[in-house]
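Enquirer: coordinates only, sequence not included:
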C-alpha cells in the first residue's frame, strides 16, 4: 500500500465522518425540537408560539458551542461558555425526558413555572455571552516576544605545539560586614604580673671553734 492510497482512504474517511455527523445532528435537532415544542404546550404555552421554546434551548447550546471553538485563546470567556454549554445540554436532556414522563398530560404548576423561567434566563445568558464575544474581538491577544537564538562562541583552535597559558585567578577582597566588626569586643591589654615579696629569714651563724695548733 502506497502513501497515496493511505491518504486517499483518509480523505474518504473524513468525508464519511462529516456526513454522518451532519445527518445525526440534523435528526437529533428535529427530534429534540418537536419534543420541546410539545413540552411547551404541556406547560400551558400557546401553540402558536410554542416553537420558540426549543429555539431558545437549542439556540443557546449552539451559541455556546461555537463560542468555545472560537475563543481558544481566551480562557476566561471560554470557561464561561463551557458552563453555558453544559447547563444548556442538561436542560435539553431534562426537557426531553420530562416530556416522555408526562405521557401527554399537562404539567403541574411548579413544573410549568420552571419551563416558563427558562426563557428569561436564556435571554440574560445569551446577552451576556454576546457582550463577552464583542469584548474578546476588540482585545488583541498578547503575543509573547520571540527570543532570538544566540550562537555560542567557537573557541580558537590551539595547535599541538602551543600550550595555553594558565592564568591564576585573582583573589577577591573579602568585605567584612560592619555589624560583624562592631560585634567583636575590644581586647584589653594584659598587665604584667606583679612580683610577690618573699620574706627572707636570717640564718643563725654558728661560732667557729678554735683550731688546735701545734698539738695543744
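Expert: Ah, there it is. As the structure is a prediction and not an experimental result, all values here were calculated from the model. Numbers count the residues shown, from 1 in each chain.

Enquirer: so, low pLDDT: which residues of this structure?
Expert: Screening the chain residue by residue with the criterion pLDDT under 70, one finds the ranges 1, 5, 140-216.

Enquirer: would you map the helices across it?
Expert: 3-42, 52-70, 75-102, 109-138, 178-183 (DSSP state H).

Enquirer: in the first one, what counts as buried?
Expert: Translated: helix 3-42. 32-33, 35-42 (16 or more other Cβ atoms under 10 Å). Placement of C-beta: from N, CA and C, glycine included.

Enquirer: closest one of these to residue 24?
Expert: When these are ranked by distance to residue 24 (Cβ to Cβ), residue 32 comes first, at 12.0 Å.

Enquirer: OK, contacts around that closest one?
Expert: 54, 58, 92, 96 (Cβ atoms under 8 Å, 6 or more residues apart in numbering).

Enquirer: may I ask which of these has the most neighbours?
Expert: Most neighbours among those, by other Cβ atoms under 10 Å: residue 54, with 22 neighbours.

Enquirer: how about that one: what's its closest non-neighbour residue?
Expert: residue 36 (3.7 Å; Cβ to Cβ, 6 or more residues apart in numbering).

Enquirer: ok, the one you found touching residue 91?
Expert: No: the pair residue 36 / residue 91 is not scored as a contact, 9.4 Å apart, by Cβ atoms under 8 Å.

Enquirer: ok, the nearest residue to residue 78 once chain neighbours are set aside to residue 46 distance?
Expert: Of all residues not flanking residue 78 in the chain, residue 71 sits nearest, at 4.5 Å (Cβ to Cβ, 6+ apart). Counting by Cβ to Cβ, to the nearest Å, the gap between residue 71 and residue 46 amounts to 37 Å.

Enquirer: before we move on, what about residue 102?
Expert: Following Cβ to Cβ, the distance that separates residue 102 from residue 46 is 18 Å.

Enquirer: look at those two and report which has more neighbours.
Expert: Legend: neighbour count by other Cβ under 10 Å for residue 102 and residue 46, higher for residue 102 (16 against 8).

Enquirer: what sits against the residue lying closest to that one once chain neighbours are set aside?
Expert: Counting by Cβ to Cβ, 6+ apart, residue 42 is the residue found nearest to residue 102 once chain neighbours are left out, at 5.9 Å. Applying Cβ under 8 Å, 6+ apart to residue 42 gives the contacts 99, 102, 104-107, 112.

Enquirer: how about 7 Å then?
Expert: 102, 106-107 (Cβ atoms under 7 Å, 6 or more residues apart in numbering).

Enquirer: dump those residues into CSV; add distance to residue 129 as well.
Expert: Output for the contacts of residue 42, formatted as CSV (distance: Cβ to Cβ, whole Å):
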residue, distance to residue 129
102, 31
106, 33
107, 28
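
Enquirer: nearest to residue 64 among these?
Expert: The closest of the contacts of residue 42, once distances to residue 64 are taken by Cβ to Cβ, is residue 107, at 26.2 Å.

Enquirer: return the distance of that closest one relative to residue 115.
Expert: Distance, residue 107 to residue 115, using Cβ to Cβ: 7 Å.
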